[in-house]
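# Predicted structure and sequence below. I'll ask about it afterward.
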Amino acid sequence: MSEIFTIKTPEFEGPLDLLLSLVEKRKLFINDISLAKVTDDFISHVQNFEKLPMGEAAKFILVASTLLLIKSRSLLPSLTLFEEEEQDMHDLETRLKIYKRIKDASLNIKDLFGSEMIFSQSQSRPIRPVFSPHESMNLSSLIQAIKDIIEALPKKEMIPKAVIRKVISLEEMIDNLTKRITQGLKMKFSDFSKIHKEERVNVIVGFLAMLELVKQGVILVSQNKMFGDIDMETMNVGVPRYD
Amino acid sequence: MKLESQIEAILFWKAEPVSIKKLASIFNKSENEIKEAIRSLDESLKGRGITLIQWEDEITLGTTKEISSLIESLTKEELNKDLGKAGLETLSIILYQGPISRVNIDYIRGVNSQFILRNLLVRGLIERVDNPEDQRSFLYKPSLELFSYLGIKKITDLPDYTLINEDIEKFRKQTHE
Amino acid sequence: MKLESQIEAILFWKAEPVSIKKLASIFNKSENEIKEAIRSLDESLKGRGITLIQWEDEITLGTTKEISSLIESLTKEELNKDLGKAGLETLSIILYQGPISRVNIDYIRGVNSQFILRNLLVRGLIERVDNPEDQRSFLYKPSLELFSYLGIKKITDLPDYTLINEDIEKFRKQTHE
């Protein structure tokens, strides 16, 4: 009866649990560098989760998008981020550190639990009852009480039929981007991300894909001013596009 | 740990009279060794709030005489105290669902009912019977006095008896799927 | 009769957690006088078969843990020692950081803790109290029953209790700089 209400994601209790296990697998300390390193591992794990309840999936995707921010920053240190994004990045690191501390501590709790118990007086010890109902205990208050209990019973969580859309993979994004670029178009990053305006995570995945392409030397990127749009063009095709 | 302290622990935990023979078998000692240890326990408990009560071959722990009048007045006070929402909730579940085990009461309430059950027992509002399905636990049911106090003759006279039990049954089923 | 012995008697008689406030009102003493007496009671119980368990404002009596394996072999009550991963994590958070709100538990775990909290409440390992800062929500704290399961007398008996809390505080501060 004890685990009835728990909805388990495959193997992991949640995104932080997964993330921590990835960092620990590589024997890394928790910081922005290690988080950038495990970003791809994390995303590929999330992509392999077939069915997740809506609420749980959203939590994984949120963490994935923050990881992508961290990775983007590590690839492009001059990258300017919104204050909220900076906060998310710090926050994730802090949460993971706290989570790790608690998880380490929980190993001790596990060892202690039930090993050398302190016992209270037995529940089956004899009782000499004296009938003494309190005036507040009458038929109508008792009926009200049971109705309130029924009202407050937890409802079973409906597992949504719609399986959460997979996060668009980095590869898909790179393909997509390459295709558009080689068509000779010079386009703005904001135009590009409008095509995939579903979730913030897609924008970031797109951004990352772009950074990968830059690294591979396929495209050139220029940003004229801070917070300005990023122009992308292929190195071999030089057909300018005028707005 | 001294034998007298071990005996003290067992008596405290049992909270009912235990025979010297039984103690001898628990500790794998002779009855004389147990008696010896009881004598020194009795000595150690002088001036304390807990005392040894011995009657023929049986012993138990109890509170000292000096404090008995205080405890008596506290008992009276306790019996007249309102048990509040926890008391009403637990009693109503036992009324509609009894005989019912503590595990099932806890499950419906969503919190542990250990202490409130004892309080209801002390007030004679409910009774504890053996659980035919599980030797280790009890079932709880309303006392006859409670029935007559509430003015009901049989359990099905309770308002919405069927409806309420159906609702609870539905909850059980849904969570056990 | 000394106050500490009178408190011992009341704790024995009540056989459930009693608050320092309640004791102060029973004996018509200040809370500080009660706390002082509890400290000497704790001292007097050293080497005895019974021991004092305390969390913040609440105290109760229990057997010493030296005798736990013997009682375990004698008890008929079912002892559920399985916690599971989610239960273990949530209990650890509540032990080291409690009283703590569900929102904050979820924040640390990164998942929804609603059902595991209900489960721990039902088992009596944690308790729910009103959140003084937010009427609509609750705070979760360890129960003395949990202390019994862990064999600890007070929260600081937990391994690295102070160190872990200092670390967590440090991590929190770093983010808000």
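Alright, I've got the coordinates.
# Name all residues that make contact with the closest residue to A:L153 other than its chain neighbours.
Spatial nearest neighbour of A:L153, chain neighbours left out: B:F171 (4.8 Å); criterion: Cβ to Cβ, 6 or more residues apart in numbering or on different chains. Quick note: C-beta positions are derived from backbone N, CA and C, even for glycine. B:F171 makes contacts with A:150, A:153, B:108, as judged by Cβ atoms under 8 Å, 6 or more residues apart in numbering or on different chains.
# Check B:I100 too.
Taking Cβ under 8 Å, 6+ apart as the contact definition, B:I100 lies against B:93-94, B:139-141.
# 10 Å instead?
If you count contacts by Cβ atoms under 10 Å, 6 or more residues apart in numbering or on different chains, B:I100 has them with B:93-94, B:107-108, B:131, B:138-141.
# What of A:P133?
B:79, B:83, B:91, B:123-125, B:143, B:145-146, B:149-150.
# on that earlier part again, give me the element the residue nearest to A:L153 is part of.
Secondary structure assignment for B:F171, by DSSP states H and E: helix B:161-176.
# again, but for B:T75
With DSSP H and E as the test, B:T75 turns up in helix B:68-79.
# Residue ranges in chain A under the pLDDT threshold?
Per-residue confidence for chain A (pLDDT under 70) gives these ranges: A:1-11, A:47-58, A:78-81, A:156-243.
# Which parts of chain B are strands?
Taking DSSP state E as the test, the strands found in chain B are B:18-19, B:50-55, B:58-63, B:100-101, B:126-130, B:138-142.
# Mind checking the ones you listed for the one nearest to C:L52?
Closest approach to C:L52 among the strands of chain B is made by strand B:50-55 (12.5 Å; Cβ to Cβ).
# need the longest helix for chain A.
Here the longest helix in chain A is taken by residue count, with DSSP state H as the criterion, and it is helix A:83-112.
# helices and strands around the very next helix or strand once past it, which ones?
Counting by DSSP H and E, the next helix or strand C-terminal to helix A:83-112 is helix A:139-152. Counting contacts by 3 or more Cβ pairs under 10 Å, 6 or more residues apart in numbering or on different chains; DSSP states H and E, helix A:139-152 is packed against helix B:84-97, helix B:102-109, helix B:144-150, helix B:161-176.
# Check the offset of the last one from the chain's centre.
Okay, so that is helix B:161-176. 28 Å (Cα atoms, centre = their mean, to the nearest Å).
# State the mean pLDDT of it.
Mean pLDDT, taken over the full extent of helix B:161-176, equals 84.
# Just the CA atoms of it, as CSV, please.
These are the backbone C-alpha positions of helix B:161-176, laid out as CSV (Å, rounded to 0.1, in the frame of the first residue of the first chain):
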residue,chain,number,x,y,z
TYR,B,161,-24.7,5.0,5.4
THR,B,162,-24.6,3.2,1.9
LEU,B,163,-23.6,6.3,0.0
ILE,B,164,-20.7,7.2,2.3
ASN,B,165,-19.3,3.7,2.3
GLU,B,166,-19.5,3.5,-1.5
ASP,B,167,-17.5,6.7,-1.8
ILE,B,168,-14.8,5.3,0.5
GLU,B,169,-14.8,2.0,-1.4
LYS,B,170,-14.3,3.9,-4.6
PHE,B,171,-11.3,5.7,-3.2
ARG,B,172,-9.8,2.3,-2.1
LYS,B,173,-10.4,0.7,-5.4
GLN,B,174,-9.0,3.6,-7.4
THR,B,175,-5.8,3.8,-5.5
HIS,B,176,-5.3,0.0,-5.5
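# Determine which residue lies closest to the centroid of chain B.
A centroid search over chain B (Cα atoms, centre = their mean) returns B:R118, at 4.8 Å, as the residue closest to the centre.
# Please verify my assumption that that residue contacts A:I127.
Yes - under the criterion of Cβ atoms under 10 Å, B:R118 is in contact with A:I127, at a separation of 7.3 Å.
# tell me, what's touching these two both at once?
B:R128.
# What segments of chain A are strands?
Secondary structure of chain A (DSSP E): strands located at A:187-188, A:219-223, A:230-234.
# buried stuff in stretch B:23-35?
Residues of stretch B:23-35 classed as buried by neighbour count (16 or more other Cβ atoms under 10 Å in any protein chain shown): B:23-24, B:26-27, B:29, B:34.
# right, I mislabeled it, should have said stretch B:83-101
With the criterion 16+ other Cβ under 10 Å, stretch B:83-101 contains buried residues B:83, B:86-101.
# sorry, back to before: dump the strands of chain B into TSV; add mean pLDDT as well.
Putting these into TSV (pLDDT from 0 to 100) gives the following:
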stretch	mean pLDDT
strand B:18-19	96
strand B:50-55	93
strand B:58-63	94
strand B:100-101	94
strand B:126-130	93
strand B:138-142	94
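# Let me know which of the ones you listed is the nearest to B:D167.
Taking Cβ to Cβ as the criterion, strand B:100-101 is the member of those that comes nearest to B:D167, at 15.1 Å.
# who does the closest one pair up with?
For strand B:100-101, the paired strands and their directions (DSSP bridges) are strand B:138-142 (antiparallel).
# ok now the partner strand, how far from the chain's centre?
Between the centre of strand B:138-142 and the centre of its chain there are 12 Å (Cα atoms, centre = their mean).
# show me the contacts for A:F12.
Under the contact definition (Cβ under 10 Å, 6+ apart), the residues listed for A:F12 are A:18-21, A:45, A:49, A:60, C:85, C:110-111.
# Okay, buried residues for stretch B:44-63 please.
For stretch B:44-63, the neighbour count (16+ other Cβ under 10 Å) marks B:44-45, B:48-52, B:59-61, B:63 as buried.
# Output it as CSV - backbone C-alpha positions only.
Backbone C-alpha positions of stretch B:44-63 (Å, rounded to 0.1, in the frame of the first residue of the first chain) are rendered in CSV as follows:
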residue,chain,number,x,y,z
SER,B,44,17.6,2.7,42.0
LEU,B,45,14.1,4.0,41.4
LYS,B,46,13.9,5.6,44.9
GLY,B,47,13.1,9.2,44.5
ARG,B,48,12.2,8.9,40.9
GLY,B,49,8.8,9.4,39.2
ILE,B,50,8.5,5.8,38.2
THR,B,51,8.2,3.0,40.6
LEU,B,52,8.1,-0.8,40.7
ILE,B,53,4.8,-2.3,41.5
GLN,B,54,5.0,-6.0,42.6
TRP,B,55,2.1,-8.2,43.2
GLU,B,56,2.7,-11.8,44.1
ASP,B,57,4.8,-13.1,41.2
GLU,B,58,4.2,-10.3,38.8
ILE,B,59,5.8,-6.9,38.4
THR,B,60,5.1,-3.7,36.4
LEU,B,61,6.1,-0.1,36.4
GLY,B,62,3.8,2.7,37.6
THR,B,63,4.0,6.3,38.7
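# Can that stretch be said to contact chain A?
Yes - contact of stretch B:44-63 with chain A (Cβ under 10 Å from any Cβ of the partner chain) involves B:60-61.
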